[in-house]
Every structure is written in C-alpha cells, then in structure tokens.
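Enquirer: Provide a 3D model corresponding to the input given below.
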Amino acid sequence: MFGFPLEYIWILAGLILLGLEFALPGAFVMFLGIGALAAGIATRIWSIDLPIQIMVFVISTLVSVFLLGSFIKKLFKSDSSKDPFIKDDYLNKIVTVEEEVLQNQMGGKVRFQGTIWDAISQKGKIPKGEKVQIVSRNNLTFTVETISLSDDNSN
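Expert: Modelled structure (predicted):
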C-alpha cells in the first residue's frame with residue numbers, strides 16, 4: 001500500500017519521536033515514540049491492518065503515559081513549586097497612572113518597566129498622571145495605592 005513497509009514507518013517514527021524528546025521540553029513526545037514503536041513492533045509480528053495499528057498506537061501511548069508518567073515525575077522531581085522566572089520585583093515600585101484607576105474595578109492602567117499593565121485600587125479613584133505604589137499583583141493586574149510625598153522614593 002505505501003511502498004515502504006508500514007511497520008518500519010512506525011518504528012522510524014517512534015525512534016524520531018524518542019530522539020526529539022531530547023530537543024523538546026516535557027516528556028509527552030517520548031510517550032508518542034513509545035506508542036509508535038509498539039505499533040511498529042506489533043505490525044511486524046502479527047501483520048495487522050492500519051486501523052488496528054492506530055488502535056495499538058493510541059492504547060500503548062496512553063498506557064505508557066499512565067504507567068511511566070508518575071515514574072518520570074519522581075525521577076525528575078522539581079526543586080521548587082514556584083516558577084523561577086516570576087519574581088516579585090514589582091512590589092513597592094512607584095509607577096505612573098496612564099488611565100484613571102478605579103476602586104475595585106478593572107479599567108485603570110499603569111506603566112511599569114515600559115509596559116502598560118491593568119491596575120485597580122482598593123482605596124478610591126486615582127487620576128491619570130498620579131504616582132502610585134504597587135502593593136500586589138493578581139495575574140496581569142496590579143493593585144496600587146497612592147503615595148504620600150514622604151514616601152516618594154522612585155525606584
């Protein structure tokens with residue numbers, strides 16, 4: 001049907017996917033490679049039709065995910081549960097209001113490190129142009145509050 005025996009295509013695809021595992025993050029590609037190898041070996045041994053080969057691929061991939069997934073997680077345990085790229089370097093920074101910040105409502109904007117961020121206030125409206133201090137962040141929204149002149153130590 002394909003000119004090149006299908007079992008060898010499965011095996012070659014499995015080996016390529018296993019090789020790609022070293023270049024791509026995560027372990028999912030490895031499981032696909034295991035499924036492809038299983039389909040190729042099963043096809044070579046029993047000479048099965050394409051729909052059965054696909055079923056063998058899917059089932060062996062799922063089985064390898066469930067059987068090997070927890071083992072892989074234990075083997076390559078993460079040292080921290082917090083994303084190392086996210087830093088709290090925004091806390092207490094003084095920023096400028098770009099669009100009026102509303103009390104407990106979205107719509108306000110502040111400029112931090114050259115980027116416009118959503119902002120809310122818990123203590124009242126803050127007009128455009130005002131200097132504010134970042135007190136917290138929830139996803140992509142900063143909570144800000146006005147600063148007094150004695151606190152104005154722009155960072």
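Enquirer: just the helices from this structure, written as ranges.
Expert: Counting by DSSP state H, the chain has helices at residues 6-20, 28-46, 50-75.
Enquirer: in the chain, where is pLDDT below threshold?
Expert: 1-3, 76-87, 149-155 (pLDDT under 70).
Enquirer: for the residue nearest to residue 38 when sequence neighbours are not counted, give its distance to residue 66.
Expert: Leaving aside its sequence neighbours, residue 38 sits nearest to residue 60 (C-beta to C-beta, 6 or more residues apart in numbering; 3.6 Å). In short, each C-beta sits where N, CA and C put it, glycine included. According to C-beta to C-beta, to the nearest Å, residue 60 and residue 66 sit 11 Å apart.
Enquirer: more neighbours, the two?
Expert: Between residue 60 and residue 66, counted using other C-beta atoms under 10 Å, the more crowded position is residue 60 (21 against 10).
Enquirer: contact partners for the more buried one?
Expert: By C-beta atoms under 8 Å, 6 or more residues apart in numbering, residue 60 lies in contact with 34-35, 38-39.
Enquirer: swap in residue 41?
Expert: 7, 11.
Enquirer: before we move on, what about the one 3 residues further on?
Expert: When contacts are counted by C-beta under 8 Å, 6+ apart, residue 44 is found next to 7, 11.
Enquirer: kindly report the same for residue 31.
Expert: Residue 31 sits next to 61, 64-65, 68-69 when contact means C-beta under 8 Å, 6+ apart.
Enquirer: could you dump those residues into CSV with neighbour count added?
Expert: Below are the contacts of residue 31 laid out as CSV (neighbours: other C-beta atoms under 10 Å):
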residue, neighbour count
61, 19
64, 20
65, 18
68, 15
69, 13
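Enquirer: got the phi/psi numbers for residue 27?
Expert: Dihedral angles of residue 27 (phi, psi; degrees, to the nearest 10) stand at phi -120, psi 10.
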